[in-house]
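A.B. asks: Return atomic coordinates for the entry below.
(2 chains)
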Amino acid sequence: MADMSKVEETINKVIGDIQEQQGLRKVELENSLEIVADLGFKSLDIAQLIASLEVELGTDPFSTGVPLADVVNMGDLYNLYQAHA
Amino acid sequence: MSWIADTLEEFKDQALIIKDEGRITYGDVLAAVTGWQKRFKELGLKKGDCVAIIDDNSEATVFLVLALLANRNIVLLPMEDNERTAKNLEIAYVNGFFQPKDGDFVYERRAEEKSHLLLDTLRDSDEAGLIILTSGSTGDPKAAVHQFSKLVSKNSAKKKKSFRTLVFLKLDHIGGINTLLAIMAAGGSVVMIKDRTPATICQAIANHEVELLPTTPSFLNMLIMAQAHEKYDLSSLKMITYGTEPMHQSTLNSLAKIFPDLKLKQTYGATELGIFPTKSKGNGSRWMKVGGNGVETKIKDGTLHIRTKSVMLGYLNATANIDDEGWYNTNDKVEVDGDYLKILGRQEEIINVGGEKVYPAEIESVLLEMDNVEDVAVRGVKNPVVGAIVGATFVLENPEEKVDFNKRMIDFCLEKLDGHKIPRLIDFSDGTLMGSRFKKMRL
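C.D. replies: Okay, here's the model as predicted:
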C-alpha cells in the first residue's frame, strides 16, 4: 500500500497546478469539497486532472471500469486513487 | 409560400422559443421574419445572395436565419467573430454579412466577383441553401452546401409528436439547426439557454419542464459528476439523445442507473448528411441501427457508407466523398452485428475533444512559434471525461522547468487557440519527433 499522505499530496499538487493554469480561485482542499460545484472544475479540467494523475501516480482507475459517478468530492478522489495505488 | 412561412403560420399561437424572460410564439417569429423581408429590400439584399451572420446564439439570430431562408438566400450558418472570419467569408463566396450592433444587426455588402457552380445551381432552381463549415485536415474548413428543401423534407414527411427540447448545440452546428427544424416541423417548443454549464442547463430543465435534452457524452459526464440530478428537479425529462463523439460504456451505465425511466438514444449524423435518429439495441447499449426513412447504409471495408436525400450537394472548396451512385463515405469505422452497428471512431487522426474536432497540425503550427521550441508533436490522449484531450511532446532548444514552460505555453496559446485545443498534458523529449519518411510521429 502506498502512503496515503503521498497520494493526497500528489492529488493536491496536480489540482493546484490546474487552478493556477486556468486562473481558478484556490480554496482549502478538504474531503467534503465537491469537484464540480466547489472547485469550479470544467470538463476539460477534470480530464486534465485524471490524465495528470495517471502520469504522476501511474494509474487510471477509470480505465478499469470505475464510473465517474463514484467521484463527487475530494474524499472520493483520495480514496479511489489510494485504493488503486 | 415557403415551408418556413407556412410552418410559422400553422402554429402561430404556440410557443416556439421559451426563455427565462418569456415565450416567443410562432406568430411572433413570423412577424419578425416578415419585418426582415421588408428590410432586405431596403438593404438591396436579393434572393439568391449568399449571406453570412456573425453572431452568437441569440434568438434574434434565429429570426434572421429563418428570414433569409424564407427569402431564398444561401445562408452561411452563424459563426463567432474570430481570426478566421475573413477567410470563411471568402471560402463561402459571401455577398454580404450581418453583425450585431446596439441590439440590432447591421448589414455590410462584400465585394465578391466570383461564384461557384453549386451556388449557381441553387439560384437557378430558386432554392434556399445552407453552407456549413467543417474542419478539414489541412486546417482550412470545408464548406458543405445543402439545399434547404432537402434538409427539411425528412421532417415534413410525417408529423411526429414533439418534445419540449433544450437547444444544446448552437446554430453553427448541423445538430443545432437540425433540432430547430425538427421541432418546428412538429409545432414544438425549444428552450434557449445563456451558457452550457450543468447548473444553467439543469435550472432550465427544471424551470421550463424540458422533456428532451439533445447533448454530448462529455456533457453527460459533467452532469453525473456534478450530481445535478440530486440538486435539481429533472423529472420532466423523458429522453436524452447524444451524438457527435463516441460514448463510454461506463457513462451509459451510470445514466441508466440515475435515470431508470429515461430513454437514452444515440443520434448519428454529419455536417455533410444531416442528423438521423437511430434505434438502440437497449437503453444502455452503444449498438444501434441507422437507416430506414429514406436512409440507406452499407459497410465497405469496415467503413460506414450512407445514401440519403438530405446529403449535401457538395463542398465549395474540396472534392466530395460521394460516389456515382450517391453513397457518402462517412470514414467512420464500424463493427457490425446483424442489423446493428457500433461506431469505433474516425479513420483520420482527428482528436475529438468533447465533440469538438481538433487537428494536430493546426496546434503544432501555433506551438512551433513559441520561443525555445525546436519541435513538437500533438496527439490525442484517451480520456474518460471528454473522450480525448490534447497532449503535446516538445523538443526544447534549451532546458526549461516544466511548470514554467507549461504556464508560458498556456499564455502563448490563449490568444491563438480555442480553449479545448490548448494542450492539457505536456512532456519533453530529447530526440527527434520525425519518422523515417519525415512524417511526424504523433502516437
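
A.B. asks: What is the neighbour count of the spatially closest residue to residue B:398 that is not a sequence neighbour?
C.D. replies: Among residues not flanking residue B:398 along the chain, residue B:372 sits closest, at 5.9 Å (C-beta to C-beta, 6 or more residues apart in numbering or on different chains). For glycine as for every other residue, the C-beta is placed from the backbone atoms N, C-alpha and C. Using other C-beta atoms under 10 Å in any protein chain shown, residue B:372 is surrounded by 12 other residues.

A.B. asks: for residue B:372, phi and psi?
C.D. replies: phi 70, psi 10 (degrees, to the nearest 10).

A.B. asks: In stretch B:224-240, which residues are buried?
C.D. replies: Of the residues in stretch B:224-240, B:224-229, B:232, B:234, B:237, B:240 count as buried by neighbour count, 16 or more other C-beta atoms under 10 Å in any protein chain shown.

A.B. asks: so which of those are also by chain A?
C.D. replies: By C-beta under 8 Å from any C-beta of the partner chain, the members of the buried residues of stretch B:224-240 lying near chain A are B:224-227.

A.B. asks: Could you single out the nearest of the residues you listed to residue B:67?
C.D. replies: Nearest to residue B:67 out of those is residue B:226 (C-beta to C-beta; 38.0 Å).

A.B. asks: nearest residue to that closest one other than its sequence neighbours?
C.D. replies: Per C-beta to C-beta, 6+ apart, closest to residue B:226 is residue A:36, 3.9 Å.

A.B. asks: do the same with residue B:332
C.D. replies: Per C-beta to C-beta, 6+ apart, closest to residue B:332 is residue B:304, 4.8 Å.

A.B. asks: Quick check: that neighbour touching residue B:297?
C.D. replies: Yes - counting by C-beta atoms under 8 Å, residue B:304 does reach residue B:297; the two are 6.4 Å apart.

A.B. asks: Residues that sit against both of the two, list them.
C.D. replies: Common neighbours of residue B:304 and residue B:297 (criterion: C-beta atoms under 8 Å, 6 or more residues apart in numbering or on different chains): B:290, B:341.

A.B. asks: returning to that earlier point: next step: the ones next to chain A among the buried residues of stretch B:224-240 restricted to helices.
C.D. replies: B:224-225 (DSSP state H).

A.B. asks: Wait, a helix at residue B:377?
C.D. replies: No - per DSSP: H, G, I helix; E, B strand; the rest coil, residue B:377 lies outside any helix segment and is strand.

A.B. asks: in the sheet, who's paired with it?
C.D. replies: Going by DSSP bridges, residue B:377 is paired in beta bridges with residue B:393.

A.B. asks: Sticking with residue B:119, tell me its helix or strand.
C.D. replies: Assigned by DSSP states H and E, residue B:119 belongs to helix B:117-124.

A.B. asks: helices or strands next to that helix in the packing?
C.D. replies: Where contact means 3 or more C-beta pairs under 8 Å, 6 or more residues apart in numbering or on different chains; DSSP states H and E, helix B:117-124 is packed against strand B:74-79, strand B:141-147.

A.B. asks: Residue numbers of chain A in contact with chain B?
C.D. replies: A:17, A:20-21, A:34-37, A:42-44, A:46-48, A:50-52, A:55, A:60, A:62-63, A:65-69, A:71-72.

A.B. asks: how does it look with 6 Å?
C.D. replies: A:21, A:36, A:43, A:46-48, A:51, A:62, A:67-69, A:72 (C-beta under 6 Å from any C-beta of the partner chain).

A.B. asks: just the helices in chain A please.
C.D. replies: A:4-21, A:43-57, A:74-84.

A.B. asks: hey, which of those is tucked in deepest?
C.D. replies: helix A:43-57 (a mean of 21; mean count of other C-beta atoms under 10 Å in any protein chain shown).

A.B. asks: so can I have TSV of the ones next to chain A among the buried residues of stretch B:224-240 showing pLDDT?
C.D. replies: As requested, these are exported to TSV (pLDDT from 0 to 100):
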residue	pLDDT
B:224	85
B:225	79
B:226	82
B:227	85
